[in-house]
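Asker: pasting the sequence and the predicted coordinates here, then a few questions.
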Amino acid sequence: EAGVTQFPSHSVIEKGQTVTLRCDPISGHDNLYWYRRVMGKEIKFLLHFVKESKQDESGMPNNRFLAERTGGTYSTLKVQPAELEDSGVYFCASSQDGADYGYTFGSGTRLTVV
Amino acid sequence: AQTVTQSQPEMSVQEAETVTLSCTYDTSESDYYLFWYKQPPSRQMILVIRQEAYKQQNATENRFSVNFQKAAKSFSLKISDSQLGDAAMYFCAYRSPYEDTDKLIFGTGTRLQVFP
């Protein structure tokens, strides 16, 4: 089966611009998660979708971040406008049975805001 | 709130030798799940091993095993017969089954270098 796919793999944008990250989960996985790792820090939870609904968005840093999951399939994470502190690696993950058995992660999108 | 601490930012090991990566966590819960994830240079994170806190037996997956010390809140990863392909970032993670959330709490990671 295909894994979790994220694109782009890298993105360099200027402060104030908009960037949209995309994640395609494993087919049939209802649970989709977004995480972020800022350089040298821990990986932090952003939000969790169950199908198209936001189950938990407690980790979203502010209203410049907007996540959507169209029809319960792929998800996008938009940052608008981007700030320097948004730089980091954004990971997407999916699971069929929830977090108790771990997730399948994508390769991440490295976002650099200059 | 639960926290996960990985006190070794970097570790190195000679090929074929054994290395242990440390992880401690803080929780007041009696049951939980612990994970080790590996992120090779290609950057896709892979689940290495999983431990359920109520199980006393340490989890093992081939060359990877854990030393789970519940009272000490320690969850170290032992890699035996290290191979060049083991070079990666390793992240320890905690999952609470009680909270109304499905998130994992990660540590800051340990970069493992493997020398031939």
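Answerer: Okay, I see it. It should be emphasised that the depicted structure is a prediction, and the values quoted were computed from it without experimental measurement. Numbers count the residues shown, from 1 in each chain, chains lettered A, B, ... in the order given.

Asker: C-alpha from now on. contacts and neighbour counts both.
Answerer: Fine.

Asker: distance check, B:Ser106 against chain A.
Answerer: You called it Ser, but residue B:106 is Phe. Going from B:Phe106 to chain A by CA to the nearest CA, to the nearest Å gives 6 Å.

Asker: spatially nearest residue to the residue most central in space within chain A (excluding sequence neighbours)?
Answerer: Nearest to the geometric centre of chain A sits A:Trp34, at 3.4 Å (CA atoms, centre = their mean). Nearest residue to A:Trp34 in three dimensions, chain neighbours excluded: A:Cys92, at 4.6 Å (CA to CA, 6 or more residues apart in numbering or on different chains).

Asker: returning to that earlier point: ok, and what's touching the strand or helix carrying the residue nearest to the centre of chain A?
Answerer: For A:Trp34, the element it lies in under DSSP states H and E is strand A:31-37. Contact partners of strand A:31-37, identified using CA atoms under 8 Å, 6 or more residues apart in numbering or on different chains, comprise A:25, A:43-51, A:88-98.

Asker: now the buried members of these.
Answerer: A:25, A:43-51, A:88-96, A:98 (16 or more other CA atoms under 10 Å in any protein chain shown).

Asker: wait, what's in contact with the residue nearest to B:Tyr54 when sequence neighbours are not counted?
Answerer: Ranked by CA to CA, 6+ apart and with sequence neighbours excluded, the top spatial neighbour of B:Tyr54 is B:Asp31, at 6.0 Å. For B:Asp31, the contact set (CA under 8 Å, 6+ apart) comprises B:52-54, B:96-97.

Asker: same thing with B:Thr101?
Answerer: B:Thr101 touches A:55-56, counting by CA under 8 Å, 6+ apart.

Asker: poorly predicted segments of chain A, please.
Answerer: Within chain A, the stretches with pLDDT under 70 are A:1.

Asker: residues of it that sit close to chain B?
Answerer: Counting by CA under 8 Å from any CA of the partner chain, the residues of chain A close to chain B are A:40-45, A:48, A:55-56, A:98-108.

Asker: quick check, central residue of chain B?
Answerer: B:Trp36 (3.2 Å).

Asker: and that residue, what element?
Answerer: strand B:33-39.

Asker: what distance separates that strand from the centre of its chain?
Answerer: 5 Å (CA atoms, centre = their mean, to the nearest Å).

Asker: report whether that strand contacts chain A.
Answerer: Yes - applying CA under 8 Å from any CA, one finds that strand B:33-39 is in contact with chain A at B:33, B:35.

Asker: in the very next helix or strand once past that strand, which residues are buried?
Answerer: Sequence-wise, the next helix or strand downstream of strand B:33-39 (DSSP H and E) is strand B:46-52. Buried residues in strand B:46-52, counted by 16+ other CA under 10 Å: B:46-52.
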